[in-house]
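Engineer: Sequence and computational prediction follow.
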Amino acid sequence: MTEKLTFLGAKTTCKDRWRQILDEAERTGVKYLATMEKGISKDQLRQMQVSGVVLVVPKKYHDYYPEEYRGIFLL
């Protein structure tokens, strides 16, 4: 039944708070995280990707993120 679960978390800023969703959605594979933050470090983006977190970021903010990570964005 867990394959039918979808998780969408929302954080105005991510910093280290994005890790909270790992516990909140431990039964789901991919975790979607909506944020309005203008840019996140490459190290944090790598950690998110390894943890199965997909960022949902408004398109107008994509340029604030490293180019190699823009493919993990939605919207």
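Structural biologist: All right, it came through fine.
Engineer: rest of the way, CA atoms for contacts and neighbours
Structural biologist: OK.
Engineer: May I see the buried residues of the longest helix seen in the chain?
Structural biologist: Longest helix of the chain, by residue count under DSSP state H: helix 42-50. Neighbour counts over helix 42-50 (16 or more other Cα atoms under 10 Å) mark 45, 48-49 as buried.
Engineer: Output these as TSV; include the columns pLDDT and distance to Lys59.
Structural biologist: Putting the buried residues of helix 42-50 into TSV (pLDDT from 0 to 100; distance: Cα to Cα, whole Å) gives the following:
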residue	pLDDT	distance to Lys59
Leu45	93	17
Met48	92	19
Gln49	91	19
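Engineer: got CSV for those, with distance to Phe73 too?
Structural biologist: Below are the buried residues of helix 42-50 laid out as CSV (distance: Cα to Cα, whole Å):
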residue, distance to Phe73
Leu45, 11
Met48, 12
Gln49, 11
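Engineer: how many neighbours does the nearest residue to Phe7 once chain neighbours are set aside have?
Structural biologist: Nearest non-adjacent residue to Phe7, counting by Cα to Cα, 6 or more residues apart in numbering: Lys31, 5.4 Å away. Burial of Lys31 is recorded as 24 neighbouring residues (other Cα atoms under 10 Å).
Engineer: Fine, thanks again, bye for now.
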